[in-house]
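**Student:** sequence below, structure please.
(chains A, B and C)
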Amino acid sequence: MDLLSTLNPQQSEAVQATDGPLLILAGAGSGKTRVITVRIAYLIAEKGIAPHNILAVTFTNKAAGEMRERVESLLRGQKLPSAPLISTFHSLCVRILRADIEKLEEGYKRSFTIYDTDDSTKVIKACIKDLGLDDKQTQPRNVRNAISAAKNRGEDHEMFASKIEYGDEKKATIAKIFRMYDERLLTANALDFDDLLIKAVRLLRTSPDTREKYNDRFKYILVDEYQDTNALQFALISYLTEKQQNICVVGDDAQSIYGFRQADIRNILEFESHYPTAKVVLLEQNYRSTQTILDAADAIIANNVNQKKKKLWTANAGGERISYYQAYDGDTEARFVASKIEEHQRRSLSDRIAVLYRTNAQSRQFEEALRRMRIEYNIVGGFSFYERAEVKDVIAYLKLAMNPFDDIALLRVVNTPARGIGKTSIDALQAAAKANGASLWMTIRGITDKEFPLDVAMTPRAKQAFGGFKDVIEILIRKAANETGDASVSDIVIAAIEDTGYANSLRAENTDEAAARLENLEELVNAAVDYDKQSENGLRDFIDHAALTSDTDRYDSSAGVTLMTAHMAKGLEFPIVFLVGLEDGVFPHSRSLSEEKDLEEERRLAYVAITRAEKMLYVTHAMHRRTYGVEFASEPSQFLNELPLELIDDLSPGASWLSYARSASTLQAKAAASALRGEADPPKARNVYTGKTYDSADAVNEFFKNKGRAEPPASAGGVQRSYPAAPRETPLDRLRAAGSQGRPTQKVAMPPNSLVPGTYVRHDKYGRGLILRREGSGDNVKLTVSFPGVGQKKLIEKFANLEKD
DNA sequence: AAGTAAATTTTTTTT
DNA sequence: AAATTTACTT
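**Tutor:** Got it, this is the predicted structure:
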């Protein structure tokens, strides 16, 4: 029974509760992955469950891969008749649909193509154009998001349309596009990411046979990161566990950070009511971080009202204090981080370091600073390999070989490399296709038919060019079809690169950039060769893999320095973490400032970021930040103010926000004390960078109530409380005390619903614009707004009559 | 039809 | 500031 020997009692209980529904509430760093992997190994080795009867579902390929490896190493030396299926939600759905989508009788064939976000947006753009709409008024990206959100709620275009209230033109337009979009995807035999889930769920719902088949196959199901599941994923799991209820879900409501993707936290909160016989295990011991880091994370999350109470503890020592740095601007911030990294690396190279930021756009300055100091780093996100233009081009050729009706893929490569097929010819082709209700591929075949050419207004030269393209694709189709014979996946990939003239046109360019592209294509061939070696699966699977592989999956766990967003860091851990750009509008993001629930999600994201740290945490922010090429004065993040200030070391040169915040709290205390004594003119508290001026006794008292952890006025005098901290008020206490006045560290300078920089607004005369700067206060607020086509305008907020757009 | 210059947009977070 | 899209040449 040595599988269990490394586990604590709760973990062990979670592993051994194999039958029936089980909810594991696993705090950050509580050994969640260890429990899942040991559980799988335990099922196989101790319970004699056939591996292929086990299904584990994760969100990313990276998580799935890691789990696979760890299970394998736990079972090392054992001969297994099969392997457990450890898969992402999306790959699982693809697997289900490739087998049985034809049973849906919707017209989809099992050779369907997967459209990524980019492809979907292109289809939507075309729909908007064909409906005669203005794509400035109806932005493809927004429509796509609306459709995706609807799909993830489980609505199809009919349900979406039926829910529109009378007079809601915007939604009515989206509904029209929605419908057209779905029709076009069907014509192209294509499914978008959301459809993969929708169709799989629909298939399980409508086909009892299929449902039965998978219920019999998957007798034990595990779901990781359950707090991030949405309605569709919940439905999928429900159908799969219909017969037996050996369902084990693992999650942490404090780490739910995908609400914007319709993740529904209720799935985890209401697990017990959905499965009344459910057993619940709490994993509360943290093995990852120092007490100091846990205290910091705890202090942040304590400001959220909506959460399950959970108390993480650790046997680890207090550890080093948190380091804080205030930079003049983003460049200085990046230089500080780079030089600190260098310092750490000089001492020890074994401590992996992460730089975590809110948005990918922040990465550049850190990359530059690290490069200047010749520090090697790894960056996750941004441009992933499979998103490179040349890779997507070649994949498009491969997709066409499998499914020539894929219009998007066809449009992508019809003139890449240049074949003399220009915009005019493509317009004519699309018009002809539309007139005949046919796909572009069929239209090309029609145009170039020798005996009965389709009559299309087109120059002979254009027709000939299309003929050339048709030949190229037909050769590829034959090669792909022959795959079962002797051609391997890599052979076909090479054909798509060479036989199409793609490589030659790059060679002819003879530039460094073209050479880099050729190298990327070589890497693609290598990926295909590897694929051939370790898998029996064909081209179809290879393309599916490319479509479902994301940035996150290219994380190298052995890299010394890793740059990534806080989102991507979920599930990872690093001895040293730099959490950067802690400014209002950056983190929390400006788009999340207006809604309380969005702000709470930002706070959970900050919690996730902080709890990645094992030994050391740095927090940094800049006083000036450049956005869209314009420099703004930025304010420290409200999350900084929520940290336990007594645990922080200030590394900033000169007077920083932190030193103000600290001395301010003693000043405030004095002011409050004198106010309470009834003194006529209490010393005025100065601006503490929270944007709020505490110039009345009431305001000062409110400050302390809100701050929650500040010293009571009587104990004022600058005595630093010794660590550990006294018990804090809970958010609920605070809410009661504040008389439901809202959030603790609320700011007056930037009230949540106001027009802050980064917000889009609508002006009667100038139309839509972006707020660049906000100055002044009260009635004198001046806004600098950039209106496309008009330029920058300075407006008085009071008179401008701006509406949020 | 292809290349260049000018205008416009971009920043959440992701399978 | 950088990347992408559009408009204008040749």
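**Student:** residue contacts, residue A:141?
**Tutor:** Residue A:141 sits next to residue A:121 when contact means C-beta atoms under 8 Å, 6 or more residues apart in numbering. To be clear about C-beta, it is placed using only N, CA and C from the backbone, and glycine gets the same treatment.
**Student:** and the pLDDT for it?
**Tutor:** pLDDT for residue A:141: 87.
**Student:** let me know the secondary structure of the closest residue to residue A:491 other than its chain neighbours.
**Tutor:** Closest residue in space to residue A:491, ignoring its immediate chain neighbours: residue A:479 at 7.3 Å, by C-beta to C-beta, 6 or more residues apart in numbering. Secondary structure, DSSP: H, G, I helix; E, B strand; the rest coil: residue A:479 is helix.
**Student:** and residue A:479, how far is that from residue A:762?
**Tutor:** Residue A:479 is 54 Å from residue A:762, where distance means C-beta to C-beta, to the nearest Å.
**Student:** next one: residue A:304
**Tutor:** From residue A:304 over to residue A:762 (counting by C-beta to C-beta), the distance is 32 Å.
**Student:** equivalent analysis for residue A:302, please.
**Tutor:** 38 Å.
**Student:** more neighbours, those two?
**Tutor:** Legend: neighbour count by other C-beta atoms under 10 Å for residue A:302 and residue A:762, higher for residue A:302 (21 against 14).
**Student:** that's a helix at residue A:513, yeah?
**Tutor:** Yes: membership of residue A:513 in a helix is supported by three-state DSSP.
**Student:** for the residue nearest to residue A:109 when sequence neighbours are not counted, give me the pLDDT.
**Tutor:** Closest residue to residue A:109 apart from its sequence neighbours, by C-beta to C-beta, 6+ apart: residue A:189 at 5.6 Å. Residue A:189 is assigned 92 on the pLDDT scale.
**Student:** how about the helix or strand harbouring residue A:69: buried residues?
**Tutor:** Under the criterion of DSSP states H and E, residue A:69 resides in helix A:61-74. By neighbour count with 16 or more other C-beta atoms under 10 Å, helix A:61-74 contains the buried residues A:61-64, A:66-68, A:70-72, A:74.
**Student:** let's have the residues you listed in CSV, adding pLDDT.
**Tutor:** Compiled in CSV, the buried residues of helix A:61-74 are given as follows (pLDDT from 0 to 100):
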residue, pLDDT
A:61, 84
A:62, 83
A:63, 87
A:64, 89
A:66, 88
A:67, 92
A:68, 91
A:70, 91
A:71, 93
A:72, 91
A:74, 91
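**Student:** coming back round to it: ok, the residue nearest to residue A:491 touching residue A:490?
**Tutor:** No: using C-beta atoms under 8 Å, residue A:479 is not in contact with residue A:490; the gap is 11.8 Å.
**Student:** centre-most residue in chain A?
**Tutor:** residue A:567 (5.7 Å; C-alpha atoms, centre = their mean).
**Student:** could you look up the SS state of that one?
**Tutor:** Going by three-state DSSP: residue A:567 is coil.
**Student:** quick check, pLDDT for the spatially closest residue to it that is not a sequence neighbour.
**Tutor:** Nearest non-adjacent residue to residue A:567, counting by C-beta to C-beta, 6+ apart: residue A:257, 6.1 Å away. For residue A:257, the pLDDT comes out at 94.
**Student:** state the distance from residue A:257 to residue A:62.
**Tutor:** 16 Å.
**Student:** which non-adjacent residue is nearest the residue of the stretch 51-200 of chain A found nearest DNA strand C?
**Tutor:** Closest to DNA strand C within the stretch 51-200 of chain A is residue A:135: 7.0 Å, counting by C-beta to the nearest atom of the strand. Closest residue in space to residue A:135, ignoring its immediate chain neighbours: residue A:128 at 5.1 Å, by C-beta to C-beta, 6+ apart.
**Student:** output the contacting helices and strands for the helix or strand residue A:170 falls within.
**Tutor:** Assigning secondary structure by DSSP H and E places residue A:170 in helix A:169-187. Contact analysis of helix A:169-187 by 3 or more C-beta pairs under 8 Å, 6 or more residues apart in numbering; DSSP states H and E lists helix A:117-130, helix A:140-153, helix A:157-162 as its packing neighbours.
**Student:** what's the following helix or strand past that helix in contact with?
**Tutor:** Of the helices and strands lying after helix A:169-187 in sequence (DSSP H and E), the nearest is strand A:190-192. Here strand A:190-192 makes contact (C-beta under 8 Å, 6+ apart) with A:97, A:108, A:112-117, A:119-120, A:148, A:185, A:199, A:403, A:406, A:408.
**Student:** strand A:190-192 close to DNA strand B?
**Tutor:** No: on the criterion C-beta under 7 Å from any atom of the strand, strand A:190-192 is out of touch with DNA strand B, staying 8.6 Å away.
**Student:** each with direction, which strands does that strand pair with?
**Tutor:** Neighbouring strands of strand A:190-192 in its sheet, by DSSP bridges, are strand A:113-115 (parallel).
**Student:** is DNA strand B contacted by the partner strand?
**Tutor:** No: applying C-beta under 7 Å from any atom of the strand, one finds strand A:113-115 separated from DNA strand B by no less than 10.3 Å.
**Student:** again, but for stretch A:365-372
**Tutor:** No: Stretch A:365-372 stays clear of DNA strand B (C-beta under 7 Å from any atom of the strand), getting no nearer than 10.6 Å.
**Student:** any low-confidence regions in the stretch 251-400 of chain A?
**Tutor:** Scanning the stretch 251-400 of chain A with the threshold set as pLDDT under 70 gives A:309, A:382-384.
**Student:** over to the stretch 501-650 of chain A?
**Tutor:** Ranges of the stretch 501-650 of chain A meeting pLDDT under 70: A:550-554.
**Student:** can you map out the helices along it?
**Tutor:** A:502-509, A:512-534, A:539-548, A:596-610, A:638-642 (DSSP state H, counting those that start in this stretch).
**Student:** take the ones you listed and write them to CSV, including mean neighbour count.
**Tutor:** Shown next, in CSV, are these (neighbours: other C-beta atoms under 10 Å):
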stretch, mean neighbour count
helix A:502-509, 16
helix A:512-534, 15
helix A:539-548, 21
helix A:596-610, 22
helix A:638-642, 24
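**Student:** okay, these in a markdown table with distance to residue A:332 next?
**Tutor:** Output for these, formatted as a markdown table (distance: least, C-beta to C-beta, whole Å):
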| stretch | distance to residue A:332 |
| --- | --- |
| helix A:502-509 | 40 |
| helix A:512-534 | 32 |
| helix A:539-548 | 40 |
| helix A:596-610 | 21 |
| helix A:638-642 | 17 |
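**Student:** can you put those in TSV and add distance to DNA strand C?
**Tutor:** Shown next, in TSV, are the helices of the stretch 501-650 of chain A (distance: least, C-beta to the nearest atom of the strand, whole Å):
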stretch	distance to DNA strand C
helix A:502-509	17
helix A:512-534	12
helix A:539-548	19
helix A:596-610	24
helix A:638-642	26
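**Student:** elements contacting the helix or strand hosting residue A:393?
**Tutor:** Taking DSSP H and E as the definition, one finds residue A:393 inside helix A:389-402. Under the contact definition 3+ C-beta pairs under 8 Å, 6+ apart, helix A:389-402 sits against helix A:407-413, helix A:460-481, helix A:489-498, helix A:502-509, helix A:512-534, helix A:539-548.
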